[in-house]
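[1] Give me a model of this one.
(one chain, ligands or ions: 1)
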Amino acid sequence: MQRPESKECCAMSARKQVWFLTGSQELYGEEILRQVADQSREVSDVLARSPHVVADVVAKPVMSSADAIRRAMLDANADDECVGVITWMHTFSPAKLWIKGLDQLRKPLLHFHTQANLKLPWSTIDMDFMNLNQAAHGDREYAFIATRLGKHRATVAGHVSTPQVQERIGAWTRAAVAADALKTLKVCRFGDNMRYVAVTEGDKVEAEINYGTEFNTWGVNDLAAVVDKVSDKAVDSLISEYLDLYDVAEELHPGKDRAESLRVAAAIELGLRSFVVDGGYGAFTTNFEDLGGLRQLPGLGVQRLMAEGIGFAGEGDWKTAVLGRALKVMADGLPGGTSFMEDYTYDLTAGSELSLGAHMLEVCPSIAKGTPRIEVHPLFVGDREDPVRMVFDAEPGDGVIMGMCDLGDRYRWVSNELRVIDPPEPMPKLPIARAVWQVKAEWSTATECWLAAGGPHHSVLSTALTTDHLKLLSEIVGTELAAITERTTDTFEFVERLRWTNAYHRLGLGS
Ligand code: MN
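    As a prediction, the model looks like this:
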């Protein structure tokens with residue numbers, strides 16, 4: 001069997017950079033440009049120290065010529081460490097200087113509209129001060145050319161000392177890091193999609209063109225062969241880890257009736273780690289219909305890999321696995337969790353409708369409340385041994401859920417705002433990990449909008465992220481986002497917007 005050679009780490013990426021470019025022009029002379037450089041450094045230093053900003057902020061020399069700007073943008077494109085560029089026109093920077101550079105830029109762009117001073121020095125202000133601190137003027141000139149060039153960008157206006165400004169720029173750095181992770185993401189598919197299922201299908205070549213993500217399929221017996229080679233010693237050691245970390249059902253303990261089931265699950269986890277993580281894959285899929293020589297549907301091992309930041313979806317659903325990886329990278333370090341999810345069943349009590357979401361086994365313990373319990377039970381489908389899984393309820397918290405569908409001419413993301421809640425009653429007979437949530441909008445409206453948008457049953461649920469994070473990422477990667485929020489009140493208006501968006505894309509007006 002051929003195995004991938006890469007040994008790069010698939011856990012969260014190393015810290016990347018965003019470049020901070022300040023615009024000016026040579027007309028001002030050296031003394032002013034030195035002041036611009038000093039103040040630019042003060043602003044970028046505040047961002048660099050902000051806990052919200054998850055990339056290193058690299059201050060570049062003040063940009064005062066078209067050549068320097070073009071060169072900086074080409075360098076940004078070429079530098080694998082750079083995931084995005086922040087621009088600010090401290091003084092007036094005639095925007096023809098920016099045409100060639102912006103036109104060349106292929107990295108995410110944030111236009112930070114700010115100024116060095118918070119307050120105006122009313123009693124001492126003179127023309128020198130006015131000319132030095134004229135972002136109100138210079139940033140308008142710059143924004144015009146960015147718009148004229150059709151440059152997709154995030155725009156944040158406000159003083160750098162404002163917490164909300166730091167949070168918004170921080171959220172953009174998270175989105176830029178996630179978009180970068182997609183560019184280097186390799187997805188490993190064990191088998192193909194579940195038979196007859198439509199929404200899990202899609203154009204993988206288009207996804208590689210769009211996102212830079214690579215997809216390759218392996219026979220599940222390639223994985224089974226690795227699982228078969230796992231040593232008893234490695235299994236012993238992993239079982240001790242399970243016993244330390246989780247509430248393991250008594251029957252699975254060493255020497256007990258079903259100890260062998262846990263050993264099989266541990267061997268599958270070790271095989272997956274070797275194949276997926278050591279293989280340099282950041283996401284993978286399985287298919288319960290195609291398990292080859294595997295004795296159990298992978299459950300516990302999949303859950304633990306997801307908790308480490310690996311994207312996953314069942315039934316061959318590579319699109320949701322990709323979303324899982326992207327959202328896990330974007331959420332890294334934030335409170336809350338992010339998991340593969342499936343809308344399963346409802347409580348339709350009028351006015352307090354609830355969703356019960358789960359999957360066959362594979363829900364990520366990053367969303368768990370308390371210590372997960374490891375149990376073994378029969379699976380309701382398939383013809384393998386009973387699979388071991390973690391069982392838990394999800395920790396309450398505000399969050400979002402997002403799915404991805406392929407409309408034939410493009411991808412669409414559909415998202416919904418929700419609040420995960422404690423289940424109204426215990427569910428002692430449901431032996432799987434699950435989440436119970438309320439959507440933020442009125443239930444019928446939110447649900448009708450999701451259905452009208454063609455949103456899938458597979459999704460990624462995150463209590464770490466907000467709709468704003470999803471919007472920033474959708475802008476950067478150029479995928480349509482049909483966002484249902486707590487302010488969504490009218491299904492007709494939502495559907496009408498989908499139609500306008502269809503027209504926009506079909507007219508080829510760009511992503
Ligand atoms: Mn499913």
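
[2] On the C-terminal side of the longest helix anywhere in the chain, identify the next helix or strand.
    For the chain, the helix with the greatest residue count under DSSP state H is helix 163-184. Towards the C-terminus, the helix or strand next in line after helix 163-184, according to DSSP states H and E, is strand 186-190.

[3] Measure how the helix or strand following that next one sits relative to helix 163-184, angle-wise.
    Scanning forward in sequence from strand 186-190 by DSSP H and E, the next helix or strand is helix 204-211. With axes from the mean of the first three to the mean of the last three CA atoms, to 10 degrees applied, the angle from helix 204-211 to helix 163-184 works out at 140 degrees.

[4] For helix 204-211, what does the pLDDT average out to?
    When the per-residue pLDDT values of helix 204-211 are averaged, the result is 96.

[5] coming back round to it: name the helices or strands packed onto the longest helix of the chain?
    On a contact count with 3 or more CB pairs under 8 Å, 6 or more residues apart in numbering; DSSP states H and E, helix 163-184 meets helix 30-49, strand 82-89, strand 109-113, strand 154-157, helix 204-211, helix 318-331, helix 467-477. All C-beta atoms are positioned from the backbone trio N, CA, C, and that covers glycine.

[6] Relative to the ion, which of those is closest?
    With CB to the ion as the criterion, the ion lies closest to helix 318-331 of those, at 8.8 Å.

[7] So what touches the helix or strand of the chain with the lowest mean pLDDT?
    Using mean pLDDT, DSSP states H and E, helix 127-132 stands out as the lowest-scoring helix or strand of the chain, at a mean of 92. Residues from elsewhere that reach helix 127-132 (CB atoms under 8 Å, 6 or more residues apart in numbering): 28, 32, 35-36, 90-91, 121.

[8] Show me what the following helix or strand past that helix packs onto, helices and strands only.
    Later in the chain than helix 127-132, the nearest helix or strand by DSSP H and E is helix 135-148. With contacts taken as 3+ CB pairs under 8 Å, 6+ apart, helix 135-148 sits against strand 82-89, helix 99-104, strand 109-113.

[9] of all the ones you listed, which gets the most neighbours per residue?
    Per-stretch averages of neighbours, counted by mean count of other CB atoms under 10 Å, single out strand 82-89 among the helices and strands packed on helix 135-148, with a mean of 26.

[10] Show me the strands paired with it, marking each as parallel or antiparallel.
    On the basis of DSSP bridges, the sheet neighbours of strand 82-89 come out as strand 17-23 (parallel), strand 109-113 (parallel).

[11] roughly how far is the shortest one from the heart of the chain?
    The gap between the average C-alpha position of strand 109-113 and the chain average comes to 21 Å, counting by CA atoms, centre = their mean, to the nearest Å.

[12] Contact partners for residue 328?
    12, 306, 309-311, 338.

[13] which among the contacts of helix 127-132 end up buried?
    The neighbour-count test (16 or more other CB atoms under 10 Å) applied to those identifies 28, 32, 35-36, 90-91 as buried.

[14] Output those residues as JSON lines; include the columns pLDDT and distance to the ion.
    As requested, these are exported to JSON lines (pLDDT from 0 to 100; distance: CB to the ion, whole Å):
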{"residue": "28", "pLDDT": "85", "distance to the ion": "61"}
{"residue": "32", "pLDDT": "91", "distance to the ion": "61"}
{"residue": "35", "pLDDT": "94", "distance to the ion": "59"}
{"residue": "36", "pLDDT": "94", "distance to the ion": "55"}
{"residue": "90", "pLDDT": "92", "distance to the ion": "52"}
{"residue": "91", "pLDDT": "91", "distance to the ion": "56"}
